[in-house]
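**Q** Any chance you could fold what I've pasted below:
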Amino acid sequence: MPTSSLRPLALAGAAATIAAIASGGLVSATDSAASCATWPLCTDALLAPGTPLVWLAFAHRLLVLLAMLLGVAGALAALRTPAAERWARLPLIAAPLLGLLQVGAGAAMVQLRLYGAADVSHLAGALLVLACQVVPVAVLAQPSAGAERAGGRALRSARRLSATAWWSAGAIGVLTLALSARAATAATAATAAMLPANAIGAVAVAVAFAGATLWQSWRWRRDDKLLLRFALAVLVLTAAQAGLLLLPPAAAGLGVALGALVWSAALALAVLATRRPLVDDSRSGAQRSSVVGRRSSDASAATPSLLSDYLSLTKPKVISLLLLTTLAAMYLTEAGAPSLWLVFWTLVGGYLAAGGAGAINCAFDHDIDVNMGRTSRRPVPSGRISRHAAMAFGLLLSALSVVVMLVFTTPLAALFSTLGIVYYALFYTRWLKRSTWQNIVIGGGAGSLPPLVGWTAVTGSLSLAAVVLFAIIFYWTPPHFWALALVKQKDYTRAGVPMLPVVAGEAETRWQILVYSAMLVALSALLTAIGAMGWIYLVAAAALGALFMRYAWDIWRKGDQASIWGLYKYSLLYLALLFAAMVLDRAVL
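**A** Take a look at the predicted model:
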């Protein structure tokens, strides 16, 4: 059988599966499964005048049957086409097998009357079936480019884009499951799955990954119009799902249908990002060499735009972790999930506050930055933006943050946000950083305030749990930044900044990293001790902390660059995963 016959069968099967998923979302939202108590074909609808709910359940089962038949046809065609690529054949063969498991799960739900309780796991299986049909469609539509002659940087960027696209597809799949949990009726929402009924966190993560995929596509493959359009479409459709959260639960089944479509598009995008050629093979070798040379010349001569320079003053990479801790804290309070508008304005105010403080820091530290390789290319020391302009920009953002926090959140959240600006931009930047090796220890309080901002934006008050969140970041800061200081010790010495390695030496710094790491890991268990977190968080904190201590121990005993860089990079992941574990613990328990 020719390979060309596989794609229409896989495409038809995928379309039928999406229709079955969409109807399943409506069945879950309307609780119509309980109206059709017989299996497999819902004879209630055939033997008696059925209600709309009965007919809806009946239609869902017919669509599942159609999807199964098409899946079997696709598997048989794949078996008869050994010349086809394995990523086109194997998923198609697996699809009906997974479909049979889905049919069995559906039968169990009907016979045992597990309506709602197993909806999310049932949908997860359906999404796997859909993936087994969508991936072959994309593989057959985009033949592999094969081995390409490209530079190491181009190959690394291609692998990074591919990985981000696959992570984006995974995040969108989780979002679809979260929407399904929301679609369950109120009586069964608590048991639908280990997912929060409010899917705003899943939306945020999915949008972040989809946005990162688009950004990397534009940065590294901007000449590939198809890839760019696909990435843009996935981002727009993913962001559109946020609007569905404003609908009542009865209409959330529509979100499941959209989620299945976006899941399909994200999978297709991941396949394209993996298999699209890095260069246009239709050009001759001389043309490609000319284009590559011209781009290299343009890239070396290009300077950042004024907009990107002002954006860099806000230190967006640093802010991303601050906003993550702010967002997590908003979902850890006893007040329940906050409104979407409160989350939005709190994060906007937080970005303005942290960005304003960062810009003021850049204005004050121009004399230090110009002497350090890591910072000498920043807009102010390089002369692209004047000190006065950076200061004015920082003050403007800071003033806007105060207004946003006062108008849209709570006075206490506005107070902590403003305190963070003053603490970092003045107390740390103008005094601590230049005068004492304790600059990182004491100055860590500035970066520890975001959880207090998020907590008080929801509750309007403080609690012991919020103070512990502050303390965790406070004790996390020294090991993280001292590791960087060990790597950049010569820069700090040249700039005259009294960091601990400069003042006390490498041996003392390595010991202090171990001591503060031990205090951090011990402190992270305090949330469970005071009853704020449960066993899920405790297990995660213990595992993450054990790895943190392993890196800290290696630094103390070995002190090599690999150990130091390992702790520095892992510490970022550690803090993000620790707060994610808190949110998961709160959502499940």
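**Q** So in this structure, where's the weakest helix or strand by average pLDDT?
**A** Of all regular secondary-structure elements in the chain, judged by mean pLDDT, DSSP states H and E, the least confident is helix 285-301 with a mean of 44.
**Q** which of the residues in the helix or strand following it are buried?
**A** Using DSSP states H and E, the helix or strand that directly follows helix 285-301 along the chain is helix 306-313. By neighbour count, and taking 16 or more other CB atoms under 10 Å as the criterion, the buried residues in helix 306-313 are Asp309, Tyr310, Ser312, Leu313. No exception for glycine: its C-beta is placed from N, CA and C like everyone else's.
**Q** Quick check: next helix or strand after helix 306-313?
**A** Past helix 306-313, further along toward the C-terminus, the next helix or strand under DSSP H and E is helix 316-330.
**Q** How is the protein partitioned into domains?
**A** Domain ranges of the chain: 1-141, 157-278, 305-462, 464-589, per automatic domain parsing.
**Q** in this protein, which segments are predicted with low confidence?
**A** Low-confidence segments of the chain, defined by pLDDT under 70, span residues 1-5, 28-55, 103-120, 145-153, 181-201, 244-255, 279-304.
**Q** got TSV for the buried residues of helix 306-313, with distance to Ala73 too?
**A** As requested, the buried residues of helix 306-313 are exported to TSV (distance: CB to CB, whole Å):
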residue	distance to Ala73
Asp309	57
Tyr310	57
Ser312	54
Leu313	59
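**Q** and Pro489, how many neighbours does it have?
**A** Wrong residue type there; residue 489 is Gln, not Pro. When neighbours are defined as other CB atoms under 10 Å, Gln489 has 17 of them.
**Q** oh, I was asking about Gly420
**A** A total of 26 residues lie near Gly420 under the criterion other CB under 10 Å.
**Q** Check which helix or strand it maps to.
**A** With the criterion set as DSSP H and E, the secondary-structure element containing Gly420 is helix 411-422.
**Q** hang on, isn't Ser571 packed against Phe481?
**A** No: taking CB atoms under 8 Å as the definition, Ser571 is not a contact partner of Phe481, at 9.1 Å.
**Q** Can you give me the buried ones in the helix holding Gly420?
**A** For helix 411-422, the neighbour count (16+ other CB under 10 Å) marks Leu412, Ala413, Ala414, Leu415, Phe416, Ser417, Thr418, Leu419, Gly420, Ile421 as buried.
**Q** Could you measure from Ser461 over to Leu412?
**A** Ser461 sits 7 Å away from Leu412, taking CB to CB, to the nearest Å as the criterion.
**Q** swap that for Ala390, please
**A** In terms of CB to CB, Ala390 sits 30 Å off from Leu412.
**Q** now Tyr475
**A** As for Tyr475, its distance to Leu412 is 24 Å (criterion: CB to CB).
**Q** what do you get for Asp224?
**A** Distance of Asp224 to Leu412, computed by CB to CB: 49 Å.
**Q** Report how many residues lie close to Phe58.
**A** By the criterion of other CB under 10 Å, Phe58 has 21 neighbours.
**Q** for it, helix, strand, or coil?
**A** Reduced to three states with DSSP: H, G, I helix; E, B strand; the rest coil, the structure at Phe58 is helix.
**Q** Is it correct that Val348 is in contact with Val404?
**A** Yes: Val348 is in contact with Val404 according to CB under 8 Å; the separation is 5.8 Å.
**Q** So these two - more neighbours on which side?
**A** Taking neighbours as other CB under 10 Å, Val348 and Val404 compare with Val404 leading, 20 against 17.
**Q** That one: what's it in contact with?
**A** When contacts are counted by CB atoms under 8 Å, 6 or more residues apart in numbering, Val404 is found next to Trp345, Val348, Gly349, Leu352.
**Q** Point me to the helix or strand that includes it.
**A** Following DSSP H and E, the helix or strand that holds Val404 is helix 387-408.
**Q** got the angle for that helix vs helix 306-313?
**A** Our comparison of helix 387-408 with helix 306-313, counting by axes from the mean of the first three to the mean of the last three CA atoms, to 10 degrees, yields an angle of 70 degrees.
**Q** about what we covered before: so of the contacts of Val404, which ones are in helices?
**A** Using DSSP state H, the members of the contacts of Val404 that fall within helices are Trp345, Val348, Gly349, Leu352.
**Q** Just the closest of these to Ala88, please.
**A** Of all the ones in helices among the contacts of Val404, the one sitting nearest Ala88 is Val348; the distance, using CB to CB, is 45.4 Å.
**Q** Give me the contact list for stretch 217-232.
**A** If you take CB under 8 Å, 6+ apart as the criterion, stretch 217-232 is touched by 154, 157-158, 160-161, 165, 210, 213-214, 265, 268-269, 272-273, 276, 278, 280.
**Q** 10 Å instead?
**A** Identification of contacts with stretch 217-232 by CB atoms under 10 Å, 6 or more residues apart in numbering yields 138, 142, 153-154, 156-158, 160-161, 164-165, 168, 210-216, 235, 265-266, 268-270, 272-273, 276-280, 291, 295.
**Q** are any of the residues you listed buried, and which?
**A** Using 16+ other CB under 10 Å, the buried ones in the contacts of stretch 217-232 are 138, 142, 154, 157-158, 161, 164-165, 168, 210-214, 216, 235, 265-266, 268-270, 272-273, 276-279.
**Q** And the strands in this structure, which stretches?
**A** Listed in chain order, the chain contains no strands at all (DSSP state E).
**Q** what about the longest helix in it?
**A** Using DSSP H, we find that the single longest helix of the chain is helix 152-183.
**Q** okay, now the nearest residue to Phe474 once chain neighbours are set aside: neighbour count?
**A** Of all residues not flanking Phe474 in the chain, Ser448 sits nearest, at 4.4 Å (CB to CB, 6 or more residues apart in numbering). As a burial measure, the neighbour count of Ser448 was computed by other CB under 10 Å and equals 22.
**Q** can you tell me which residues contact Ser448?
**A** Under the criterion of CB under 10 Å, 6+ apart, the neighbours of Ser448 are 322, 325, 420, 423, 469-477.
**Q** for Ala390, same thing?
**A** In this structure, Ala390 makes contact with 309-310, 313, 358-364, 366, 378-380, judged by CB under 10 Å, 6+ apart.
**Q** Nearest to Leu175 among the residues you listed?
**A** In terms of CB to CB, no member of the contacts of Ala390 lies closer to Leu175 than Gly358, at 30.7 Å.
**Q** quick one: the closest one and Ala257, what's the gap?
**A** Computed as CB to CB, the Gly358 to Ala257 distance reads 42 Å.
**Q** what about these two, which has more around it?
**A** When neighbours are counted by other CB under 10 Å, Gly358 comes out ahead of the other of Gly358 and Ala257, with 24 against 20.
**Q** That one reaches Tyr310, doesn't it?
**A** No: taking contacts as CB atoms under 10 Å, Gly358 lies outside contact range of Tyr310: 11.1 Å.
**Q** coming back round to it: joint contacts of Ser461 and Leu412?
**A** Once CB under 10 Å, 6+ apart is applied, the residues that Ser461 and Leu412 both contact turn out to be Trp455.
**Q** out of everything not next to it in sequence, what's closest to the spatially most central residue of the chain?
**A** For the chain, the residue lying nearest the average C-alpha position, counting by CA atoms, centre = their mean, turns out to be Val205 (3.5 Å). Using CB to CB, 6+ apart and skipping residues adjacent in sequence, the residue nearest Val205 is Ala171, 5.0 Å away.
**Q** check contacts around that neighbour.
**A** For Ala171, the contacting residues are Ala202, Val203, Ala204, Val205, Ala206, Val207, Ala208, Phe209, Ala210, Thr238, Ala266, by CB under 10 Å, 6+ apart.
**Q** Of these, keep whichever come out buried.
**A** Buried members of the contacts of Ala171, scored by 16+ other CB under 10 Å, are Ala202, Val203, Ala204, Val205, Ala206, Val207, Ala208, Phe209, Ala210, Thr238, Ala266.
**Q** ok, which pair from those residues is furthest apart?
**A** Counting by CB to CB, the most remote pair of those is Ala204 and Ala266, 15.9 Å apart.
**Q** Find the residue closest to Pro450 in space, skipping its chain neighbours.
**A** On the basis of CB to CB, 6+ apart, the spatially nearest residue to Pro450 that is not a chain neighbour turns out to be Thr326, at 4.2 Å.
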